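Q: one predicted model, sequence on top.
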Amino acid sequence: MNISVFGTGYVGLVAGACLADVGHQVICMDINAERIALLEAGEIPIYEPGLTELVAQNVATGRLRFTTDTAKAVKESELLFIAVGTPPDEDGSADLRHVLAVARSIGEYMDDYKLVIDKSTVPVGTAEKVQAAIADALNARDLSLDVDVCSNPEFMKEGAAIEDFTRGARIVVGTDSEHVEARMRACYAPYNRNHDKLMFMSVRAAELTKYAANAMLATKISFMNEMANLAERLEVDVEEVRRGIGSDPRIGYHFIYPGCGYGGSCFPKDVQALERTAREYGYHPALLSAVEQVNYQQKQTLFTKLQRTLGDVIGKTIAVWGLAFKPNTDDMREAPSRELMEALWAVGAKVQAYDPEAMAECRRLYGDRHDLILTFDRIQAIKGADALVICTEWKAFRSVDFTWLAGELSEKLVIDGRNLYDVGDMTAAGLRYVGVGRNNLRLVNATYSSGEPCRD
Ligand SMILES: NC(=O)C1=CN([C@@H]2O[C@H](COP(=O)(O)OP(=O)(O)OC[C@H]3O[C@@H](n4cnc5c(N)ncnc54)[C@H](O)[C@@H]3O)[C@@H](O)[C@H]2O)C=CC1
Ligand SMILES: O=C(O)[C@H]1O[C@H](OP(=O)(O)OP(=O)(O)OC[C@H]2O[C@@H](n3ccc(=O)[nH]c3=O)[C@H](O)[C@@H]2O)[C@H](O)[C@@H](O)[C@@H]1O
């Protein structure tokens, strides 16, 4: 099939490359000329495991092409995927500017039937707005052409995006048209061989399914972070509780890892946008507000724990391991590391940071500043530091020589935002170790008693 994908970000580029890989003819279009030039030169603007090879292979076969030419992308394909960003607007709702700009361009350039597929995460009712924007542009040209709009939300995770796209649990399509159903079945047939993963539903249900999925996952995380904060006060190790509840298949082990708060480009913005939608429709979303509130509080936990254990962080040098919002990506959008570093800088502390993939992104975000040193490796980040804080659970951080670490850090303090280590091993090496919900803040600081203040 001839497919165009608008937007070559995490979703558009992965979707485009995967669809080309199963035999479709794909054009990836972006208004960012620099990005397209990079892609045409064989460079990938983001870090996503396996993507460089997948793009190269499919460009070589001629099935994957890049362009900044909107008219070409509209005219040459029947299936038009919209995969542009939907960032939060000032009031927290999803900003549909980019989605509707693509819709207008489709109406401006189409000259035969098109099936428009909303892959971006968009609020309930957006497909109708996309249809209206296309119709307006067609009217302005005095044309009446058939066009269908369906919803096909994406559930991939960064760092495992190719695997998720090609072997995801389900493919949700919102449509009430038999023709659209047939075309979408044909498009996804290569991924649908073993069992039927395609789920057809109403357009509005598909749009809400995407937000409900992200909100449910964010709720699990905030719930577990709340348990961690409680466990700390009850002198319980939350990791034991995690194993205890995860073993119940009704709960499961996924997304119950306590930590320093969820980040990334989606959970924060999608929970906020769903909350906004609820309010718009006269419903008070008590649970969603609490999920957000717990996460806001959790993102401060690393700095609070540092302050509580060190007393004062002014003038200290803090080593930070992990800058990306999660492992296997270079994405630092809403990353807990940013909250920590900005809080440290505000009180006059220095940061020595290392991340296997996000160093360039960190430099792009913060530029050259005297209180940020990006080191060549994780070892260099420790040299001359007073304490270590772990923000991202990259595999390479899992095995460490604790005795060496205790010898290097002047305060012998490790704040572990991802609970990577065993409390006993760390203390045996002479380290003061503070995890999240690990019942050990009291051990490292006798003055700690009342816990962190609750945010109203
Ligand atoms: N990042 C992720 O893992 C996932 C994201 N999503 C959703 O998918 C959508 C896209 O997300 P990302 O790929 O992360 O965004 P992104 O910000 O990485 O990329 C968006 C791209 O769209 C381009 N763009 C903007 N306006 C355009 C236009 N008029 N025509 C063509 N290109 C245009 C931008 O230049 C940019 O390259 C969002 O709605 C997001 O919520 C859904 C599932 C996973
Ligand atoms: O809509 C989206 O963009 C995507 O959002 C998430 O994917 P992503 O943000 O890439 O990454 P996740 O693995 O879900 O992690 C999100 C955040 O939650 C945190 N997390 C995750 C799991 C957990 O148990 N604990 C926890 O704190 C991670 O550290 C990270 O900061 C969803 O998992 C995807 O299904 C969805 O498609």
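A: Yep, that arrived. Ligands and ions are numbered 1, 2, ... in the order given.
Q: can you name the residues that contact the closest residue to ligand 1 within the stretch 1-150 of the chain?
A: Across the stretch 1-150 of the chain, no residue is closer to ligand 1 than G9, which sits at 1.8 Å (CB to the nearest ligand atom). Glycine gets a C-beta too; all of them are placed from N, C-alpha and C. For G9, the contact set (CB atoms under 8 Å, 6 or more residues apart in numbering) comprises 46, 83-85.
Q: and it, how far from E240?
A: Distance from G9 to E240, counting by CB to CB, to the nearest Å: 40 Å.
Q: can you check L274 too?
A: 33 Å.
Q: S399 now?
A: Plainly put, S399 is 22 Å away from E240 if you go by CB to CB.
Q: next: M29.
A: Taking CB to CB as the measure, M29 falls 51 Å from E240.
Q: ok, for the residue nearest to the spatial centre of the chain, nearest residue in space, not its chain neighbours?
A: Nearest to the geometric centre of the chain sits G264, at 3.4 Å (CA atoms, centre = their mean). Of all residues beyond its chain neighbours, the one nearest G264 is F325 (4.5 Å), with distances taken as CB to CB, 6 or more residues apart in numbering.
Q: hang on, that neighbour packs against E357?
A: No - counting by CB atoms under 8 Å, F325 does not reach E357; the two are 11.5 Å apart.
Q: which residues of the stretch 151-300 of the chain fall in strands?
A: 171-174, 198-201 (DSSP state E, counting those that start in this stretch).
Q: quick one: those strands as CSV, columns for mean neighbour count too.
A: Shown next, in CSV, are those (neighbours: other CB atoms under 10 Å):
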stretch, mean neighbour count
strand 171-174, 23
strand 198-201, 16
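Q: so which of those comes closest to ligand 2?
A: Among the strands of the stretch 151-300 of the chain, the nearest to ligand 2 by CB to the nearest ligand atom is strand 171-174 (11.3 Å).
Q: how about the helices of the stretch 351-456 of the chain, start to end?
A: Here the stretch 351-456 of the chain has its helices, by DSSP state H, counting those that start in this stretch, at 359-366, 378-382, 402-408, 423-428, 441-444.
Q: now swap in the stretch 1-150 of the chain and tell me
A: For the stretch 1-150 of the chain, the helices defined by DSSP H, counting those that start in this stretch cover 10-21, 33-40, 51-60, 70-75, 97-109, 126-140.
Q: report the mean confidence score over the fourth one.
A: The reference is to helix 70-75. Helix 70-75 carries an average pLDDT of 98.
Q: list the buried residues in that helix.
A: For helix 70-75, burial by neighbour count (16 or more other CB atoms under 10 Å) applies to 70, 73-74.
Q: what subset of the contacts of G9 is buried?
A: Buried residues within the contacts of G9, defined by neighbour count using 16+ other CB under 10 Å: 46, 83-85.
Q: list the contacts for G16?
A: Applying CB under 8 Å, 6+ apart to G16 gives the contacts 3, 5, 8, 26, 28, 64, 81.
Q: just the pLDDT at it, thanks.
A: G16 carries a pLDDT score of 98 in this model.
Q: distance of it relative to A189?
A: The gap separating G16 from A189 is 17 Å, by CB to CB.
Q: near ligand 2, which residues of the stretch 151-300 of the chain?
A: Remark: the part of the stretch 151-300 of the chain in contact with ligand 2 comprises 154-158, 214, 217, 221, 255-257, 259, 262-264, 266-267, using CB under 6 Å from any ligand atom.
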